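1. Sequence and predicted structure, then a few things I'm wondering about:
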Amino acid sequence: MSDAVSSLPVSGIRLACLDMAGTTVADDGAVLSAFRAALDALGVVGEAERGRMTEYVVATMGESKITVFRALFPGDEERAQRGNEAFEAAYADRIAQAVPVPGAVETFERLREAGVRIALTTGFSRPTADALLDHLGWRPLIDLSLTPQEVGGRGRPHPDLVLAAAARLADGDTGAVAVAGDTVGDIRSGLASGARIVAGVLTGAHDRARLAEAGATHVLDSVAQLTALLLMTDGPATGSTTTTAHRH
């Protein structure tokens, strides 16, 4: 990276809170595949029931996985826990195939060079998040990773993950925070936290219309465009396909 780029102002952003699967980690259907394996383990065989549950999982993608299973099996904590454990085990079997979203590593590097700290947030459990970080070799590239376990159990769409990251890395100032994620849950979490920039990315679960409707301040083709967005001073960077959405 040139000195000219690294010396650009960052419009007051000091912290980027980035989702993992679908945003910085290429998903390629791994989450849904692991969910279907969990339904198999739970003995859910009816096509209509599986379809209903899969639709719910897609709609709530990015949220804490145990919260999703509790919603699918209300009043049956034991089954929800078994489903979550089966999901985590099935996803763990797929981690060896996980790869970064193109440009994600370069985004980490360029933002940190410009003085922006990086927090990765996820709805996965801590063991699964750790396995992903170790497989990808990302620990030296980031400043923090957070799962719902570290913030009292509440994941997205609650703001807790972003607020905790801001408290640790930005003196609690969410006005200095940018959030990026591929789901409506990411957008709602970022907005609820008061983050200055809440960008949707199109490399994961939800499309442009859903992210914009949720209130994303920007919708990006991928996290690779985040550097240009955060390091710009006036207007979109030349050649950027960033689309700005109005908050609701």
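-> Sure, I can see it. Quick caveat: nothing in here was measured; it's all calculated off a predicted structure.
2. Determine the number of other residues adjacent to the nearest residue to residue 143 once chain neighbours are set aside.
-> For residue 143, ignoring the flanking residues on the chain, the nearest one in space by CB to CB, 6 or more residues apart in numbering is residue 117 at 4.4 Å. Where C-beta positions appear, they are placed from N, C-alpha and C, glycine not excepted. Residues near residue 117, counting by other CB atoms under 10 Å, number 20.
3. what residues are up against residue 117?
-> For residue 117, the residues meeting the contact criterion (CB atoms under 8 Å, 6 or more residues apart in numbering) are 14, 15, 16, 143, 144, 169, 170.
4. do the same with residue 50
-> 36, 39, 44 are the contacts of residue 50 under CB under 8 Å, 6+ apart.
5. and if we set it to 7 Å?
-> Taking CB atoms under 7 Å, 6 or more residues apart in numbering as the criterion, residue 50 is in contact with 39, 44.
6. cool, and residue 15?
-> 116, 117, 119, 165, 166, 169, 170, 176, 177.
7. Tell me, how many residues neighbour the residue nearest to it when sequence neighbours are not counted?
-> If the residues on either side of it in the chain are set aside, residue 15 comes closest to residue 170, at 4.3 Å by CB to CB, 6+ apart. By the criterion of other CB under 10 Å, residue 170 has 21 neighbours.
8. And residue 22, what's its pLDDT?
-> Looking at residue 22, its pLDDT reads 92.
9. Over to residue 136?
-> Note on residue 136: pLDDT of 96.
10. Now residue 177: phi and psi?
-> phi -110, psi 140 (degrees, to the nearest 10).
11. I meant to write residue 112 there.
-> Per-residue torsions, residue 112: phi -70, psi -40 (degrees, to the nearest 10).
12. Contacts only, for it.
-> The contact partners of residue 112, taken as CB under 7 Å, 6+ apart, are residue 118.
13. returning to what we had before: what backbone torsions are found at the residue nearest to residue 143?
-> With angles defined as degrees, to the nearest 10, residue 117 sits at phi -90, psi 150.
14. quick one: it and residue 24, what's the gap?
-> Here residue 117 is placed at a distance of 15 Å from residue 24 (CB to CB, to the nearest Å).
15. Mind listing residues that contact whichever helix in the chain runs longest?
-> In the chain, taking DSSP state H as the definition, the longest helix is helix 77-92. Contacts with helix 77-92, where a contact means CB under 7 Å, 6+ apart, come from 30-31, 34-35, 37-38, 41-42, 65-66, 69-70, 73, 125, 128, 131.
16. Of all pairs in these, which one is the farthest apart?
-> Of all pairs drawn from those, the one with the longest distance (CB to CB) is 73 and 131, at 25.2 Å.
17. residue boundaries of the helices in this structure?
-> 3-6, 30-42, 47-59, 65-72, 77-92, 104-113, 126-136, 160-169, 184-193, 208-214, 226-231.
18. Turn the ones you listed into CSV, columns for distance to residue 201.
-> Formatted as CSV, the helices of the chain follow (distance: least, CB to CB, whole Å):
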stretch, distance to residue 201
helix 3-6, 21
helix 30-42, 15
helix 47-59, 16
helix 65-72, 20
helix 77-92, 20
helix 104-113, 10
helix 126-136, 17
helix 160-169, 16
helix 184-193, 9
helix 208-214, 8
helix 226-231, 8
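19. Among the ones you listed, which comes closest to residue 220?
-> Proximity to residue 220 (CB to CB) singles out helix 226-231 among the helices of the chain, at 6.5 Å.
20. Leaving out the residues flanking it, which one is nearest to residue 68?
-> Spatial nearest neighbour of residue 68, excluding adjacent residues (CB to CB, 6+ apart): residue 60 at 5.4 Å.
21. Pick the most buried one from the helices of the chain.
-> Mean neighbour count (mean count of other CB atoms under 10 Å) peaks for helix 184-193 among these, with a mean of 26.
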